[in-house]
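S.K.: Just need the structure, nothing else, for what follows:
(one chain, ligands or ions: 2)
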Amino acid sequence: MAVELYAIQKRFGRTQALQEVNLQVGEREFFSILGPSGCGKSTLLRIIAGLERPDAGVVKIGGVDVSRREPNERGVGMVFQNYALFPHLTAAQNIGFGLKSRVSKRELAERVAEMAQLLELEDSMLARRPRQLSGGQRQRVALGRALIRKPRVLLMDEPLSGADALLRERMRGELRRFHERAGTTTIYVTHDQREALSMSDRLVVIQEGRVQQAGRPIDVYRNPSTPFAARFLGSPGMSLWAMRLSCEDGVPRLHGCDGSEWTVAHLAGAEPCEVLVGARPQRMCLLPAKPASCLLRCHSATIEPQGETAIVRARYGEDEVVAMAGVEEAERLGGDVELWISPEDLHVFERASGRRLAAAGETEALDLVAASDGAGAVTGARAVAGAGAVAGAGAVAGAGAVTGAGAVAAAEADTAGGGADAPAAPSEVAAAAEALR
Ligand SMILES: Nc1ncnc2c1ncn2[C@@H]1O[C@H](COP(=O)(O)OP(=O)(O)OP(=O)(O)O)[C@@H](O)[C@H]1O
Ligand SMILES: [Mg+2]
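M.R.: Ligands and ions are numbered 1, 2, ... in the order given. This is a model prediction of the structure:
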């Protein structure tokens, strides 16, 4: 089922958690909501689930406005951060929780067995309590509990945050494969850009409650529309440094703090302004790879070996520039470092507004002007549109606040003693019960 969000607003006291969020998630899509801690990811997911009421805006699922519907009427399944399993129930009882009052005992047993098979949970595990399961097994139980009612939309809130690095990597692949088998529209919240890049059909980058950019992972990575998105994606993120754009005699040029000057033919007509120029660390070289490469003279370099490669951090004016190099090559470096960048790998943003002035990789349509002194033309142009604005949406009249169900009082009381590595917050256990009523 497609999920559409129109002009969603949410404020908690003085905190504007979400501002004019417009998003469309296609049927069967694996869609990630990506952003740093506190940017509003969970709030957005809880609004889709109906566990939180927006101050304004409309939520549609399958084309139908569900803004006023209760969580259990929306056809969504939710996997909470830290799983929020009921600690006093077995794995099988956890999986069956949302169906228990709706079907016969026999059907319940069949559906739980079917789900266990799908999730490759053996019989011996089904009789165990959550604290007797590994992190990966707990995660599968949480998935089973969300999926047993055959939700139209599966919502996952940082489901891998409790797992160690190796398990996370394995579970990434498992979740993606599972999605391909089940074909359920999935909305996945994470602050880990590697997860979002590796699993999603599309993603949205959120900062301080605002959509920065939405698109296919590769498109957002290659053509970030804001400096924030540029820095947030990639490992390490994009390096950005200050330059000045001039346009004397109609020739646009970028001026660096070290006196370097790069002609940027495609920015003809651009108003002179302060800019941020960026490049991916993997695209910066210690030697000029191409004749028209741009030269950045940096100083105070430090090296962080990573095995085969090393991260080189150096200063360029006020900014830190990060490059990747072979570890042996990097270890030969002194404090002063020359970094060479192919013009088509440069990204240019207006400093004041963050608006993109040049899109990397758009070389074909543009004139490359090689300049002397290793400086070349910056290629690309055109601002890259982020998630298009979507009109509409009236205020949602709030039904009463969603509270925890009494049925989980015992579960809440038992949570602290659950023995999980990262026990779920009682409020999440209560919310899980609410959504599964
Ligand atoms: N119930 C609440 N009462 C008050 N403020 C809240 C409440 N829930 C969230 N907030 C605030 O709203 C903002 C967004 O919170 P949210 O939990 O959505 O962030 P998040 O992106 O999920 O962060 P994290 O990655 O740390 O889980 C934060 O500033 C948070 O402190
Ligand atoms: Mg969160």
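
S.K.: Just the closest residue of the stretch 51-200 of the chain to ligand 1, please.
M.R.: residue 191 (4.8 Å; Cβ to the nearest ligand atom). Where you see a C-beta, it was placed from the backbone N, CA and C, and this is true even at glycine.

S.K.: what does this protein have sitting close to ligand 1?
M.R.: Counting by Cβ under 6 Å from any ligand atom, the chain comes close to ligand 1 at 12, 15, 17, 35, 37-43, 191.

S.K.: who wins for most neighbours among the residues you listed?
M.R.: Neighbours were tallied for each of those (criterion: other Cβ atoms under 10 Å), and the maximum of 28 neighbours falls on residue 35.

S.K.: Please name the residues that touch that residue.
M.R.: Residues in contact with residue 35, defined by Cβ atoms under 8 Å, 6 or more residues apart in numbering, are 41, 191, 205-207, 232.

S.K.: So which of the residues you listed belong to strands?
M.R.: With DSSP state E as the criterion, strands contain 205-207 from among the contacts of residue 35.

S.K.: These into JSON lines, with extra columns for pLDDT and neighbour count?
M.R.: Supplementary listing: the ones in strands among the contacts of residue 35 in JSON lines, determined by pLDDT from 0 to 100; neighbours: other Cβ atoms under 10 Å:
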{"residue": "205", "pLDDT": "98", "neighbour count": "29"}
{"residue": "206", "pLDDT": "98", "neighbour count": "27"}
{"residue": "207", "pLDDT": "97", "neighbour count": "16"}
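
S.K.: So which of those residues is the closest to ligand 1?
M.R.: Among the ones in strands among the contacts of residue 35, residue 206 lies closest to ligand 1 (Cβ to the nearest ligand atom), at 7.3 Å.

S.K.: Secondary structure of residue 180: a helix, I assume?
M.R.: Yes - secondary structure of residue 180, determined by DSSP: H, G, I helix; E, B strand; the rest coil: located in a helix.

S.K.: count of neighbours near it?
M.R.: There are 10 residues near residue 180, going by other Cβ under 10 Å.

S.K.: do residue 186 as well
M.R.: Counted by other Cβ under 10 Å, the residues lying close to residue 186 total 26.

S.K.: who's in contact with it?
M.R.: If you count contacts by Cβ under 8 Å, 6+ apart, residue 186 has them with 29-31, 153-156, 179.

S.K.: Then residue 256?
M.R.: Going by Cβ under 8 Å, 6+ apart, the list of residues near residue 256 reads 241, 243, 262, 296, 316-317.

S.K.: just to revisit the earlier point, format the residues of the chain next to ligand 1 as JSON lines; extra columns: pLDDT.
M.R.: Output for these, formatted as JSON lines (pLDDT from 0 to 100):
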{"residue": "12", "pLDDT": "97"}
{"residue": "15", "pLDDT": "95"}
{"residue": "17", "pLDDT": "97"}
{"residue": "35", "pLDDT": "97"}
{"residue": "37", "pLDDT": "95"}
{"residue": "38", "pLDDT": "95"}
{"residue": "39", "pLDDT": "97"}
{"residue": "40", "pLDDT": "97"}
{"residue": "41", "pLDDT": "97"}
{"residue": "42", "pLDDT": "95"}
{"residue": "43", "pLDDT": "96"}
{"residue": "191", "pLDDT": "94"}
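
S.K.: coming back round to it: nearest to residue 90, out of the contacts of residue 256: which one, please.
M.R.: Minimum separation from residue 90 among the contacts of residue 256 (Cβ to Cβ) is found for residue 241, which lies at 56.5 Å.

S.K.: nearest spatial neighbour of that closest one, skipping sequence neighbours?
M.R.: Once its chain neighbours are removed from consideration, residue 241 has its nearest residue in residue 319; the separation is 4.0 Å (Cβ to Cβ, 6 or more residues apart in numbering).

S.K.: For ligand 1, see how far away that neighbour is.
M.R.: Look at residue 319 and ligand 1: by Cβ to the nearest ligand atom, to the nearest Å, they are 27 Å apart.

S.K.: Any idea what that residue is bridged to?
M.R.: The partner list for residue 319 in beta bridges (DSSP bridges) reads residue 316.

S.K.: I figured it hits residue 231, correct?
M.R.: No - the pair residue 319 and residue 231 does not pass the contact test of Cβ atoms under 8 Å, sitting 11.7 Å apart.

S.K.: Find residues that contact each of those two.
M.R.: Taking Cβ under 8 Å, 6+ apart as the contact rule, the neighbours common to residue 319 and residue 231 are residue 240.
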